[in-house]
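Let me see the structure of the following:
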Amino acid sequence: MYPQSLKNLIEAFKLLPGIGEKTAERLAFSILDLEEENVEFFSEELKKAKHNIKNCSICNSLTENKICDICSDQTRNDNILCVVEDPKNVIIFEKTGLFHGKYHVLNGLISPLDGINPEDIGLNKLIERIKTENFKEIIIAVKPSIEGETTALYIKSVLEGLDIIVSRIASGVPIGADMEYIDVMTLERALQDRIKME
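This next block holds a predicted model:
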């Protein structure tokens with residue numbers, strides 16, 4: 001039997017994705033073990049992050065300003081636009097240090113079965129941006145799923161007729177994977193996207 005405040009703290013941690021009862025309990029007890037100043041720091045930073053972080057008015061990624069650092073960076077290649085489904089994907093790409101173009105973040109993926117249509121994920125804003133800025137290539141970098149395929153095909157069909165290359169990041173068998181555990185969709189994509197060995 002936990003005191004009510006501790007129960008409430010456990011319930012609060014369970015609001016986070018992937019946090020079950022045991023992990024929530026462990027985190028709650030960790031908070032109780034922290035020094036008072038660290039608890040204050042943790043609490044303040046939670047509030048600041050929630051209050052200060054918003055979506056970039058151009059690309060929809062995360063920022064503390066009206067326009068994010070990537071959109072305001074004049075050294076970026078403004079001929080290439082990488083379309084991702086989530087702000088976390090921008091961070092993943094940036095960590096590689098390989099992509100130097102611009103990004104556009106969708107609000108998820110099209111999923112008719114879940115009632116999520118093109119207008120629900122902000123595709124109108126993406127299409128408007130593509131038409132007003134002078135992109136030469138659009139790279140669609142969404143997960144290889146039914147929803148990802150649907151979203152990619154929809155974007156490609158809307159851009160049909162425009163003088164823009166529409167490409168998709170390669171996907172397939174990961175390095176070190178055991179072939180017997182590869183699902184059919186991944187294997188099919190790997191065969192379709194095969195490349196000539198040099």
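
Spatially central residue in this protein, please.
Asp86 (2.0 Å; CA atoms, centre = their mean).

I figured that residue hits His104, correct?
No - look at Asp86 against His104 with CB atoms under 8 Å: they stay out of range, at 11.8 Å. To be clear about C-beta, it is placed using only N, CA and C from the backbone, and glycine gets the same treatment.

quick revisit: give the contact list for the residue nearest to the centre of the chain.
Residues counted as contacts of Asp86 (CB atoms under 8 Å, 6 or more residues apart in numbering) are 105-106, 108.

least confident pick among those?
pLDDT across the contacts of Asp86 is lowest for Gly108, at 93.

Nearest spatial neighbour of that one, chain-adjacent residues omitted?
Counting by CB to CB, 6 or more residues apart in numbering, the nearest residue to Gly108 once its immediate chain neighbours are dropped is Ile121, at 4.9 Å.

now the strands for this protein?
In the chain, the strands defined using DSSP state E lie at 54-55, 62-63, 80-84, 102-105, 137-140, 165-168.

mind exporting the longest helix seen in the chain as PDB, just the C-alpha atoms?
In the chain, with assignment by DSSP state H, the single longest helix is helix 36-52. Extracted as PDB, the C-alpha positions of helix 36-52 are listed here (Å, rounded to 0.1, in the frame of the first residue of the first chain):
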ATOM      1  CA  GLU A  36      15.400  18.300  -3.300                       C
ATOM      2  CA  GLU A  37      17.300  20.600  -5.800                       C
ATOM      3  CA  ASN A  38      17.400  17.900  -8.400                       C
ATOM      4  CA  VAL A  39      13.700  17.300  -8.100                       C
ATOM      5  CA  GLU A  40      13.100  21.000  -8.500                       C
ATOM      6  CA  PHE A  41      15.400  21.000 -11.600                       C
ATOM      7  CA  PHE A  42      13.600  18.000 -13.100                       C
ATOM      8  CA  SER A  43      10.200  19.600 -12.500                       C
ATOM      9  CA  GLU A  44      11.200  23.000 -13.900                       C
ATOM     10  CA  GLU A  45      12.800  21.400 -17.000                       C
ATOM     11  CA  LEU A  46       9.600  19.400 -17.700                       C
ATOM     12  CA  LYS A  47       7.600  22.600 -17.500                       C
ATOM     13  CA  LYS A  48      10.000  24.600 -19.700                       C
ATOM     14  CA  ALA A  49      10.200  21.900 -22.400                       C
ATOM     15  CA  LYS A  50       6.400  21.600 -22.500                       C
ATOM     16  CA  HIS A  51       6.000  25.400 -22.600                       C
ATOM     17  CA  ASN A  52       8.900  26.400 -24.900                       C
END
